[in-house]
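[1] below are the sequence and a predicted model; questions follow.
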Number of protein chains: 2
Amino acid sequence: MEILITGGTGFIGKRIANHLLQAGSIQLEGEQPRPIEKITLFDAFPGENVPRDARIEVVTGDLNDAAAMARVTANADLVWHLAAVVSAAAEADFDLGMRTNISGMMVLLEALRSRHSRPRLVYSSSFAVFGGELPPVVTDQTAPTPKSSYGMQKAVGELLVADYSRKGFIDGRSVRLPTITVRPGKPNKAASSFVSSIVREPLAGQTAVCPARKDTQVFVASPRMALAAMMRAMQLSDQTIGAERTIPLPGITVSVGEIVSSLERAAGPEATGRISWEPDAVIQRIVESWPSRVHAARAAALGFPSDTDFDSIIRAHIEDELTPA
Amino acid sequence: MEILITGGTGFIGKRIANHLLQAGSIQLEGEQPRPIEKITLFDAFPGENVPRDARIEVVTGDLNDAAAMARVTANADLVWHLAAVVSAAAEADFDLGMRTNISGMMVLLEALRSRHSRPRLVYSSSFAVFGGELPPVVTDQTAPTPKSSYGMQKAVGELLVADYSRKGFIDGRSVRLPTITVRPGKPNKAASSFVSSIVREPLAGQTAVCPARKDTQVFVASPRMALAAMMRAMQLSDQTIGAERTIPLPGITVSVGEIVSSLERAAGPEATGRISWEPDAVIQRIVESWPSRVHAARAAALGFPSDTDFDSIIRAHIEDELTPA
């Protein structure tokens, strides 16, 4: 099996790569396990702590470079398309978001289409496709009404993946991700970046800024669940997925205040004291436009796992990121 | 007022132009009536029976020609974006549909954005954004799940119009059109083209082919209602439209058999005898993928009118197209 991961030097890309390298093989539903021969990590940035392995190739480049996309897709059997300009960045620079999140994605899809071998693709979408006046609980049937350019671009991406799949150009599936927290590493330009920062930085003895009010509700999933979802979405057969190609993922709903309480239970008041509260109206508006209560029936039926509570998410972060291997 | 109509030499474009020319002015909600100074009909084709008037300019060209789009949008206050590769054509030639219905539309939107004057745009979308397993009645809240490339491209167009409007680049509104029937002129490459042909051709003493079964349900609106909707969508103020920029239009649900019965009431069995029944599985599948029962609550609340029955639609067609002026 040859694997392509766009956005591959980002944290989820690296988790998928490490998981595949350790497993040594991947078993798709209805098929025998097949060895992992090569993993191409395609990204705009070389990244840090990229897995070192003879099977790994890091390729830096631009999704809009059709020749580069032809090269990296040439032998790819399985593709995770994670590359994106994130929410606050796509809102601040509309052209950049359009160029990467729509035009670049279309170049990738065309490269895969030209393969004529119907490569399987998992697309990382987002609950940011929802916004504005939403029902009390967002379900698999709720119509996307994005209120951010990032959300609009992700909704367009879902539509493209579905139609390229229906046409038989690819075997695509889109997973709608909750806010993934606790992300390792540094803050990024996602409007939701603070949801990780306010846990990660205090646990590491550093200060963090919280731009949102304590009563702000967020819908989150852990990096472990994100990895499990990325694997499950790739493993399910074409037949199991069926005609509808978008799978909204499960997660848990917590307020910023509850996150802080979880942090205090894990690391005491000296940790929570490292958070400074600096309201940012733009961030508050974007985050509040996203749904906070979600019923992900289809994902549950398809065997996607879910987190149980925020205390466990913090414990997993400490195990995965702060405990010497 | 300067007006731009893309797809302007098509039948709805010409109806809008004729209506504006006869009215001589347009009154937008909350504003004084303003004279119609110029109407640019932009189209890939020169068209037939284009209105002759000093205020009309026909420009043939390609939506993807950024220089041409800059010219035709340079002074446009109001834009109807009707140009599209229609359903069966977009299904037969995926690249052509993508190029016109997505890439070309993006060129138009960028030209309007560069104006910095927030031109108002009405976008002609379609109930083809729906497909597959649908609820018994499609409502304003039903999530688009297109099962044709045309429907996917229209859903993408709606998302673009909404986000360009939210960002303040344009004042856009999308109207989701039912199948418009009875269309004048000749059959086109829309999968729904037969819904007009089986009435129009027999009334004109010609034969028509029906590729769909008699029990096939279709959701339709008359050209008169389409024109009224196009005008209403343009006239409503930004504030009245609000944050949600897509307006699914009302229509009526009829079976192909009921259409034929209406035709027989209007023109007798010699008319219906001119229909030959030649099932086409591709057309049947596309048409059946569209919703047939729709509750358009928002459009009703916003004052969009609706047809009442198919007999009236046939009478209007006879008055508008077959009665000497």
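    Noted; the coordinates are in hand. Please read these numbers as outputs of a predicted model, since none were measured by experiment.
[2] okay, CA-based contacts and neighbour counts for the rest of this
    Noted.
[3] which residues touch A:I5?
    Counting by CA atoms under 8 Å, 6 or more residues apart in numbering or on different chains, A:I5 touches A:G13, A:I39, A:T40, A:L41, A:F42, A:V79, A:W80, A:H81, A:L82.
[4] three-state assignment of it?
    Three-state call for A:I5 (DSSP: H, G, I helix; E, B strand; the rest coil): strand.
[5] how near is it to chain B?
    A:I5 sits 25 Å away from chain B, going by CA to the nearest CA, to the nearest Å.
[6] and that residue, what are its bridge partners?
    Per DSSP bridges, the residues bridged to A:I5 are A:L41, A:W80.
[7] can you check the pLDDT for it?
    Looking at A:I5, its pLDDT is 98.
[8] one more: A:A325?
    As summarised for this prediction, A:A325 has a pLDDT of 68.
[9] repeat for A:I198
    Per-residue confidence (pLDDT) for A:I198: 97.
[10] one more: A:E270?
    Predicted confidence (pLDDT) for A:E270: 97.
[11] so it: helix, strand or coil?
    Assigned with three-state DSSP, A:E270 falls in the helix class.
[12] now A:N188
    Recorded secondary structure, A:N188: coil (three-state DSSP).
[13] ok, the one 10 residues further on next?
    The three-state label given to A:I198 by three-state DSSP is helix.
[14] re earlier: just the buried residues from the contacts of A:I5, in ChimeraX please.
    Command for ChimeraX that selects the buried part of the contacts of A:I5, burial taken from 16 or more other CA atoms under 10 Å in any protein chain shown:
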select /A:13,39,40,41,42,79,80,81,82
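[15] just the contacts of A:I5 now: which is nearest chain B?
    When those are compared for distance to chain B (CA to the nearest CA), A:H81 wins out at 19.3 Å.
[16] was I right to think the closest one contacts A:V122?
    Yes. Using CA atoms under 8 Å, A:H81 makes contact with A:V122 at a distance of 6.1 Å.
[17] spatially nearest residue to the residue in chain A positioned nearest to chain B, not counting backbone neighbours?
    Residue nearest to chain B within chain A (CA to the nearest CA): A:A143, separated by 3.8 Å. Distance criterion CA to CA, 6 or more residues apart in numbering or on different chains; nearest residue to A:A143, sequence neighbours excluded, is B:A143 at 3.8 Å.
[18] contacts only, for that neighbour.
    A:Q141, A:T142, A:A143, A:P144, B:F130.
[19] on the pLDDT front, check it for me.
    For B:A143, the model assigns a pLDDT of 97.
[20] from B:D238, how far out is it?
    24 Å (CA to CA, to the nearest Å).
[21] helices of the stretch 201-325 of chain A, start to end?
    Here the stretch 201-325 of chain A has its helices, by DSSP state H, counting those that start in this stretch, at A:223-235, A:238-241, A:256-267, A:269-272, A:281-289, A:297-301, A:310-321.
[22] I'd say A:A228 and A:G303 touch.
    No. Counting by CA under 8 Å, A:A228 does not reach A:G303; the two are 10.2 Å apart.
[23] ok, these two, which is more surrounded?
    Neighbours of A:A228 and A:G303, each counted by other CA atoms under 10 Å in any protein chain shown, are more numerous for A:A228; the result is 16 against 12.
[24] need the residues of the stretch 51-200 of chain A near chain B, please.
    Contact residues, the stretch 51-200 of chain A versus chain B (CA under 8 Å from any CA of the partner chain): A:132, A:141-149, A:152, A:155-156, A:159-160, A:163, A:166.
[25] return the subset of those lying in helices.
    A:S149, A:M152, A:A155, A:V156, A:L159, A:L160, A:D163, A:R166 (DSSP state H).
[26] out of these, which is most surrounded?
    The most neighbours of any of these, using other CA under 10 Å, belong to A:S149, which has 31 neighbours.
[27] thought that residue was touching A:V86?
    No. Look at A:S149 against A:V86 with CA under 8 Å: they stay out of range, at 9.7 Å.
[28] what sits in contact with each of these two?
    Jointly contacting A:S149 and A:V86 under the rule CA under 8 Å, 6+ apart are A:G97.
[29] for chain A, give me the ranges with low pLDDT.
    Scanning chain A for pLDDT under 70 picks out A:325.
[30] 90 instead?
    By pLDDT under 90, the weakly predicted segments of chain A are A:87-88, A:116, A:185-191, A:285-290, A:323-325.
[31] so which residues of the stretch 51-200 of chain A form strands?
    Using DSSP state E, counting those that start in this stretch, the strands of the stretch 51-200 of chain A run over A:56-60, A:78-81, A:120-126, A:138-139, A:171-177, A:179-180.
[32] mind putting those into CSV with distance to B:G47?
    As requested, the strands of the stretch 51-200 of chain A are arranged in CSV below (distance: least, CA to CA, whole Å):
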stretch, distance to B:G47
strand A:56-60, 49
strand A:78-81, 43
strand A:120-126, 42
strand A:138-139, 46
strand A:171-177, 40
strand A:179-180, 51
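[33] of all these, which lies closest to A:Q27?
    Proximity to A:Q27, assessed across the strands of the stretch 51-200 of chain A by CA to CA, is greatest for strand A:78-81 (11.9 Å).
[34] same for that closest one, what does it pack against?
    Under the contact criterion of 3 or more CA pairs under 8 Å, 6 or more residues apart in numbering or on different chains; DSSP states H and E, strand A:78-81 touches strand A:2-6, strand A:120-126.
[35] and for the residue lying closest to A:G10 once chain neighbours are set aside, the neighbour number?
    Of all residues not flanking A:G10 in the chain, A:G47 sits nearest, at 6.7 Å (CA to CA, 6+ apart). Other residues lying near A:G47 total 16 when counted by other CA under 10 Å.
[36] can you tell me the element A:G47 falls in?
    Under DSSP states H and E, no helix or strand contains A:G47.
[37] looking at the contacts of A:I5, which is nearest A:R315?
    After measuring the contacts of A:I5 against A:R315 - CA to CA - the closest member comes out as A:G13, at 21.9 Å.
[38] ok, residues contacting the helix or strand hosting the closest one?
    Using DSSP H and E, A:G13 sits within helix A:11-23. For helix A:11-23, the surrounding residues in contact (CA under 8 Å, 6+ apart) are A:5-8, A:26, A:36, A:39, A:41, A:50-51, A:82, A:183-184, A:223, A:226-227, A:230-231.
[39] buried residues in it, which are they?
    Residues of helix A:11-23 classed as buried: A:F11, A:I12, A:G13, A:K14, A:R15, A:I16, A:A17, A:N18, A:H19, A:L20, A:L21 (neighbour count, 16+ other CA under 10 Å).
[40] and for stretch A:249-261?
    The neighbour-count check on stretch A:249-261 (16+ other CA under 10 Å) flags A:L249, A:P250, A:G251, A:I252, A:T253, A:V254, A:S255, A:V256, A:E258, A:I259, A:V260, A:S261 as buried.
[41] who is the fourth one paired with across the strands?
    Per DSSP bridges, the residues bridged to A:I252 are A:V220.
[42] distance check, A:L28 against A:Q22.
    Remark: distance between A:L28 and A:Q22 (CA to CA) = 17 Å.
[43] same check, this time on A:A190
    A:A190 is 30 Å from A:Q22, by CA to CA.
[44] likewise for A:F304?
    In this view, A:F304 and A:Q22 are 21 Å apart by CA to CA.
[45] kindly report the same for A:T40.
    Taken as CA to CA, the span from A:T40 to A:Q22 is 16 Å.
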